[in-house]
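Engineer: Need coordinates for the below:
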Amino acid sequence: MRLKTRLIHGGIDGDPHTGAVSVPIYQVSTYKQEAIGKHKGFEYSRTGNPTRHALETYIAELEGGARGLAFGSGMAALSTILSLFNKGDHLVVGDDVYGGTYRVVTRVFTRLGLEATYVDTSNLAAVEAAIRPETKAILMETPTNPLLKVSDIASLAGIAKSKGILLIVDNTFMTPYWQNPLDLGADIVFHSATKYLGGHSDVVAGLAVTKDAMLGEELHFLQNAIGGVLGPQDSWLLLRGMKTLGVRMEEHEANARALAKWLAERGDIQRVIYPGLESHPGHTLIQKQARGFGGMISFDVGSASRAEEVLSKVKWFTLAESLGAVESLISVPARMTHASIPPERRAELGITDGLIRISVGIEDVEDLIEDLEQALS
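Structural biologist: Alright, predicted model coming up:
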């Protein structure tokens with residue numbers, strides 16, 4: 001079954017009891033048991049819900065994993081994954097991760113005794129050098145947020161395997177339509193499903209998939225114990241939204257490639273970062289490990305004041321947090337998504353005050369170019 005067909009017919013397809021072509025919303029908290037301990041697969045909706053189960057089965061199939069799990073947000077998914085580790089354990093974390101990831105690791109889990117070292121995961125030698133005897137996992141994004149650095153998943157998986165540790169990959173930017181980290185050797189892949197998977201700015205959710213069934217059981221234990229599960233209404237919204245993931249991702253990328261090329265040809269932009277440009281240092285690598293380049297672009301207009309001016313003038317780009325929706329979104333990471341990272345740390349990474357991040361939507365690309373033209377001019 002090819003990928004676009006799998007997006008429509010994968011997982012649990014419809015409802016065998018009624019013939020409904022859409023999985024029903026099981027708005028229920030508990031389930032009648034035939035006898036003590038004898039039930040039809042569901043006991044309590046924190047532990048399992050038929051609508052959520054359909055979503056979890058679906059994402060596991062799309063990512064090529066053994067177990068899928070759905071959470072109330074991407075951060076709930078990540079926090080549950082981080083709960084696999086114990087006091088004194090150490091993680092190697094990508095230095096250019098989402099601000100919320102940096103925040104939860106440095107301000108929550110380090111208080112509980114977890115240690116972390118931040119490195120550029122596109123530098124394999126730096127990753128290997130950061131691994132200690134107490135290291136339990138590498139946590140990474142590729143492409144990263146917001147600098148879109150590309151890391152070699154297969155090589156990092158080889159390093160992780162040689163050290164007996166896990167490789168955990170945030171696949172939010174690429175989605176399973178463009179990239180499958182588990183196929184490249186990763187152990188856990190997770191998503192802020194709020195973004196491209198939902199795709200319509202109407203749901204907050206997180207998804208995780210494990211390659212190994214036993215690791216999936218361990219993560220399900222934590223999901224049930226901690227309780228940050230996704231409700232049936234939002235599970236259904238994700239199931240619906242993901243049916244069109246293929247056609248949406250192709251439009252996102254086509255628009256992003258045209259827009260990035262247009263930006264790169266301007267003389268008033270300091271730098272344009274998009275993996276689909278041949279000038280991007282990760283361009284060849286992403287072609288090897290992914291089927292596309294995605295719909296995210298970052299570009300530096302030189303100063304905070306000019307960035308603010310651009311954002312105040314755009315018409316079709318919506319000034320908002322988040323990404324991956326059908327509408328184009330625009331933000332300044334230093335003051336929005338990555339504001340929780342200390343200024344000196346942002347400066348080290350290159351997240352300047354003039355850096356603008358755009359999530360390219362599926363509008364007519366000529367309208368998007370004209371909108372940025374008038375805002376930049």
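Engineer: alpha carbons only for contacts and neighbour counts from here, please
Structural biologist: Noted.
Engineer: wait, what's in contact with residue 60?
Structural biologist: 66, 67, 68, 209, 210 (C-alpha atoms under 8 Å, 6 or more residues apart in numbering).
Engineer: Just the buried subset of these, written out for PyMOL, thanks.
Structural biologist: Applied in PyMOL, the following selects the buried portion of the contacts of residue 60 according to 16 or more other C-alpha atoms under 10 Å:
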select buried, resi 66+67+68+209+210
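Engineer: now the contacts of residue 60 as TSV including secondary structure?
Structural biologist: TSV is the format used below for these (DSSP: H, G, I helix; E, B strand; the rest coil):
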residue	secondary structure
66	coil
67	strand
68	strand
209	strand
210	strand
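Engineer: which one of the contacts of residue 60 is nearest residue 162?
Structural biologist: Nearest to residue 162, judged by C-alpha to C-alpha, of these is residue 210 at 18.9 Å.
Engineer: ok, so what distance separates that closest one from residue 139?
Structural biologist: Using C-alpha to C-alpha, to the nearest Å, we find residue 210 at a distance of 14 Å from residue 139.
Engineer: try residue 364
Structural biologist: The gap separating residue 364 from residue 139 is 36 Å, by C-alpha to C-alpha.
Engineer: And those two? Which one has more around it.
Structural biologist: Using other C-alpha atoms under 10 Å, the more surrounded residue of residue 364 and residue 139 is residue 139, with 23 against 10.
Engineer: For the more buried one, what are phi and psi?
Structural biologist: Phi and psi for residue 139, reported as degrees, to the nearest 10, are phi -120, psi 120.
Engineer: isn't it right up against residue 96?
Structural biologist: No - Residue 139 lies out of contact with residue 96 (C-alpha atoms under 8 Å); the separation is 11.0 Å.
Engineer: would you say residue 93 is within a helix?
Structural biologist: No - counting by three-state DSSP, residue 93 is not found in a helix; it is strand.
Engineer: The chain - how does it break down into domains?
Structural biologist: Using automatic domain parsing, the domains assigned to the chain come out as 3-242, 245-376.
Engineer: For the stretch 251-377 of the chain, which segments are assigned as strands?
Structural biologist: Secondary structure of the stretch 251-377 of the chain (DSSP state E, counting those that start in this stretch): strands at 271-273, 296-300, 318-319, 329-331, 355-359.
Engineer: on contacts alone, who are the packing partners of the fourth one?
Structural biologist: Right, strand 329-331. Strand 329-331 sits against strand 318-319, strand 355-359, with contacts defined as 3 or more C-alpha pairs under 8 Å, 6 or more residues apart in numbering; DSSP states H and E.
Engineer: now the last one
Structural biologist: Based on contacts counted as 3+ C-alpha pairs under 8 Å, 6+ apart, the elements that strand 355-359 packs against are strand 296-300, helix 304-313, strand 329-331.
Engineer: and among these, the most buried is which?
Structural biologist: Greatest average neighbour count among the helices and strands packed on strand 355-359 goes to strand 296-300 (a mean of 25), per mean count of other C-alpha atoms under 10 Å.
Engineer: Send me it as CSV with only the CA atoms.
Structural biologist: Written as CSV, here are the backbone C-alpha positions of strand 296-300 (Å, rounded to 0.1, in the frame of the first residue of the first chain):
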residue,chain,number,x,y,z
MET,A,296,9.3,25.6,7.4
ILE,A,297,11.6,28.6,6.5
SER,A,298,13.7,30.9,8.7
PHE,A,299,15.2,34.1,7.5
ASP,A,300,17.1,37.0,9.1
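Engineer: can you list the helices and strands packed on strand 355-359 in JSON lines and add mean pLDDT and distance to residue 9?
Structural biologist: Formatted as JSON lines, the helices and strands packed on strand 355-359 follow (pLDDT from 0 to 100; distance: least, C-alpha to C-alpha, whole Å):
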{"stretch": "strand 296-300", "mean pLDDT": "98", "distance to residue 9": "28"}
{"stretch": "helix 304-313", "mean pLDDT": "96", "distance to residue 9": "40"}
{"stretch": "strand 329-331", "mean pLDDT": "96", "distance to residue 9": "30"}
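Engineer: now the ones you listed as JSON lines including distance to residue 178?
Structural biologist: Shown next, in JSON lines, are those (distance: least, C-alpha to C-alpha, whole Å):
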{"stretch": "strand 296-300", "distance to residue 178": "13"}
{"stretch": "helix 304-313", "distance to residue 178": "29"}
{"stretch": "strand 329-331", "distance to residue 178": "21"}
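Engineer: got a list of contacts for the helix or strand harbouring residue 217?
Structural biologist: In this assignment (DSSP states H and E), residue 217 forms part of helix 213-226. Helix 213-226 is touched from outside by 46-47, 66-69, 71, 80-81, 83-84, 209-210, 229, with contacts defined as C-alpha under 8 Å, 6+ apart.
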